[in-house]
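**Q** Show me how the following folds:
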Amino acid sequence: MGLSSIRVFLVASMSLLQVAACTDVKIKKKNVSIGNVNMANSLFLLIGTYTTGGSDGIYVYRFDTVNGGSDYLSQSTSVENPSYLTLSKNNNRVYSVTENEDTSACANAFAFDRKTSVLDLENSTKTDGGAPCYINLDPTGKFVLTANYLGGTISVIRVEKDGTLSNDRDVIGFRQGPKQAYRRKSHLHTTVFSPDGKYLLATDLGKDRLYCFEVNEHAQKASELLSTTKLSVVDLEIGSGPRHLAFSPNGKHLYLLSELSGKVNVFDYHDGKIKEVQTLTADGFKGKGSADIHITPDGRFLYTSHRLKQDGVSIFSVSKTDGKLTKIGYQPTGVHPRNFIITPNGRMLLVANRDSNSIQVFSINQSTGMLTNMNKDIQIDKPVCLKFASVED
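**A** Now for the predicted structure:
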């Protein structure tokens, strides 16, 4: 296990805290058109895939955020199952998981040359937890974290000054007390930092819980990042399977999508505390495969993706006054929609359909929030994660 350590916490239900934010992607104007893309409106689109079929790593496209066109640019060095990605603040580094179920599971560091659009694999480090399905960076950029689904753990890996991954890592596991004996094994699915960097929120799909850690912003070692003494826990509906989170742009509301129940929980958030104000069904078909959740940059509309029965995206309007949701529609998609992404300008929503080997591009009606298929699909084998990167600084 190298230099890693494993910490297992006995957890009891307490109050929760948290909020998270997105970093806006800047577009630098150039009046040049290449293929299907106008450079003035373009971003890089990075696509993570499963490599059990014809895919062989991470793919880079240029995407037009106005007309929905795309051009293929490059492919990363071969890496297994890069099913989730994250980027450094300057977009010059990309980190991915290798979502393998055995000891080959790892995190990977890539250099991203935005002038040539080339991704180069620099190094990899074991996660010491099976099936890592989510990866992100702490706000300082000094640590990479993975949520390990089968391992039921969180891995913290220190990032070297050159952007590569070190062997200094910490693995955090969870066990339950006697009163929680009915709960299943941990399956960690998401780790999200608050915008001020003071807290980390993690979803445990197996135990139907949200964990919240205090974060040491001055940490120099992986074992120093997350507090071992101040862990808060919230128990959710048994069998719900909490999966992904979205926060309102103003940071006042937290939205939680559960995979198995297909429900969205709406919470008020203030100064590290949450209060549930609404629960409603997102997946009316009971497919038990709800996947992802995102809100538009202006906070007016929220979307959730659903698999296994009547695959598609649920559409909600968001109340300006209290953040509560009203379901207003459902958009059918390709087969097995996983991660999806909304363009920074709020005009389009892209869906990765794993089993129909396509990325669909939908326009967002700015008045109603409804989706319209632009019929500009990107054909690619087993896409599962989508991320935007700026073309230039």
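**Q** Where does the prediction get shaky in the stretch 151-300 of the chain?
**A** 176-183 (pLDDT under 70).
**Q** ok, which stretches of it are strands?
**A** For the stretch 151-300 of the chain, the strands defined by DSSP state E, counting those that start in this stretch cover 153-159, 165-176, 188-193, 199-204, 209-215, 226-235, 242-247, 253-258, 263-270, 273-281, 290-295.
**Q** of those strands, which approaches Thr77 most closely?
**A** Among the strands of the stretch 151-300 of the chain, strand 165-176 comes nearest to Thr77, with 15.1 Å by C-beta to C-beta. The C-beta positions use only the backbone N, C-alpha and C, and glycine is treated the same way.
**Q** pull the CA atoms of the closest one into CSV?
**A** Only the C-alpha atoms of strand 165-176 are listed here, as CSV (Å, rounded to 0.1, in the frame of the first residue of the first chain):
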residue,chain,number,x,y,z
LEU,A,165,0.5,12.4,-8.2
SER,A,166,2.6,11.4,-5.2
ASN,A,167,2.7,8.2,-3.3
ASP,A,168,1.5,10.1,-0.2
ARG,A,169,-2.1,9.0,0.2
ASP,A,170,-4.7,8.5,2.9
VAL,A,171,-7.7,6.1,2.7
ILE,A,172,-10.7,6.8,4.8
GLY,A,173,-13.3,4.0,5.5
PHE,A,174,-16.5,3.8,7.5
ARG,A,175,-18.0,1.3,9.9
GLN,A,176,-21.4,1.4,11.6
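**Q** Could I get the buried residue list for that strand?
**A** Neighbour counts over strand 165-176 (16 or more other C-beta atoms under 10 Å) mark 165-166, 168-174, 176 as buried.
**Q** re the thing from before, can you list the strands of the stretch 151-300 of the chain in JSON lines and add distance to Ala109?
**A** What follows is the strands of the stretch 151-300 of the chain, written out as JSON lines (distance: least, C-beta to C-beta, whole Å):
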{"stretch": "strand 153-159", "distance to Ala109": "8"}
{"stretch": "strand 165-176", "distance to Ala109": "5"}
{"stretch": "strand 188-193", "distance to Ala109": "18"}
{"stretch": "strand 199-204", "distance to Ala109": "21"}
{"stretch": "strand 209-215", "distance to Ala109": "22"}
{"stretch": "strand 226-235", "distance to Ala109": "21"}
{"stretch": "strand 242-247", "distance to Ala109": "24"}
{"stretch": "strand 253-258", "distance to Ala109": "29"}
{"stretch": "strand 263-270", "distance to Ala109": "32"}
{"stretch": "strand 273-281", "distance to Ala109": "33"}
{"stretch": "strand 290-295", "distance to Ala109": "24"}
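**Q** Tell me which of these sits nearest to Gln379.
**A** Judging the strands of the stretch 151-300 of the chain by C-beta to C-beta, what sits closest to Gln379 is strand 290-295, at 20.6 Å.
**Q** Within its sheet, name the partner strands of the next helix-or-strand element following the closest one and how each one runs.
**A** Next along the chain after strand 290-295, taking DSSP states H and E as the criterion, comes strand 301-306. Strand 301-306 pairs in its sheet with strand 290-295 (antiparallel), strand 312-318 (antiparallel), by DSSP bridges.
**Q** pLDDT on the last one, on average?
**A** Translated: strand 312-318. Averaging pLDDT along strand 312-318 gives 98.
**Q** Contacts for that strand, please.
**A** For strand 312-318, contacts defined as C-beta atoms under 8 Å, 6 or more residues apart in numbering pick out 248, 264, 282-284, 295, 299-306, 324-333, 337, 340, 349, 351, 362, 369-371.
**Q** pretty sure Phe267 is in contact with Gly251, am I right?
**A** No. Counting by C-beta atoms under 8 Å, Phe267 stays clear of Gly251, with 11.8 Å between them.
**Q** neighbour-wise, which of these two wins?
**A** Phe267 (24 against 16; other C-beta atoms under 10 Å).
**Q** For Phe213, see how far away the more buried one is.
**A** Counting by C-beta to C-beta, to the nearest Å, the gap from Phe267 to Phe213 is 18 Å.
**Q** returning to that earlier point: closest one to Thr229 out of the buried residues of strand 165-176, please.
**A** Set against Thr229, the nearest of the buried residues of strand 165-176 by C-beta to C-beta is Ile172 (13.0 Å).
**Q** Identify the bridge partners of the residue lying closest to the closest one once chain neighbours are set aside.
**A** Using C-beta to C-beta, 6 or more residues apart in numbering and skipping residues adjacent in sequence, the residue nearest Ile172 is Ile154, 4.5 Å away. For Ile154, the beta-bridge partners under DSSP bridges are Ala147, Ile172.
**Q** Was I right to think Ile154 contacts Val171?
**A** Yes. Here Ile154 reaches Val171: they are 7.3 Å apart, a contact under C-beta under 8 Å.
**Q** center of this structure - which residue?
**A** Residue closest to the mean C-alpha point of the chain, counted by C-alpha atoms, centre = their mean, is Tyr134 at 6.2 Å.
**Q** Show me which parts of stretch 357-368 are buried, residue by residue.
**A** 357-364.
**Q** which residues are contacting that stretch?
**A** By C-beta under 8 Å, 6+ apart, the list of residues contacting stretch 357-368 reads 47, 53, 68, 70, 296, 301, 313, 328, 331, 333-334, 342, 346-353, 370-374, 376-383, 386.
**Q** Buried only: go through these for me.
**A** 47, 68, 70, 296, 301, 313, 331, 333-334, 342, 346-353, 371, 376-378, 380-383, 386.
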